[in-house]
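Participant: missing the sequence, but the structure's below:
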């Protein structure tokens, strides 16, 4: 099933830093979120392989929306 990577708050995705198949470590940057006129990294909660990506740069996202899945 994997571990979901979620957005902490409502905002807009500025960039996506990984693609499906990439290996990531815990705390690696997955994407950059713009919220309240600030840019903040969204990081991997666990290490593993990116299995799914559900967002794209420029997309508006809701709090707790799943951005990616890591196995």
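Facilitator: Great, that's in hand. Note that the structure is predicted; figures quoted are calculated from it, not measured.

Participant: now for the helix or strand encompassing residue 52, which elements pack on it?
Facilitator: Element membership for residue 52, per DSSP states H and E: strand 48-53. In terms of contacts (3 or more C-beta pairs under 8 Å, 6 or more residues apart in numbering; DSSP states H and E), strand 48-53 is packed against strand 23-24, strand 66-70. Every residue, glycine included, has its C-beta placed from N, CA and C.

Participant: Please identify the most buried of these.
Facilitator: Mean neighbours per residue, mean count of other C-beta atoms under 10 Å, is largest over these for strand 66-70, with a mean of 20.

Participant: sorry, back to before: kindly reformat the helices and strands packed on strand 48-53 as a markdown table containing mean pLDDT.
Facilitator: Formatted as a markdown table, the helices and strands packed on strand 48-53 follow (pLDDT from 0 to 100):
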| stretch | mean pLDDT |
| --- | --- |
| strand 23-24 | 98 |
| strand 66-70 | 97 |
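
Participant: and residue 53, what are its bridge partners?
Facilitator: Beta-bridge pairing of residue 53 under DSSP bridges involves residue 68.

Participant: Distance of it relative to residue 18?
Facilitator: Between residue 53 and residue 18 the computed distance is 7 Å (C-beta to C-beta, to the nearest Å).

Participant: Identify the contacts common to those two.
Facilitator: With contacts taken as C-beta atoms under 8 Å, 6 or more residues apart in numbering, the residues that reach both residue 53 and residue 18 are residue 68.
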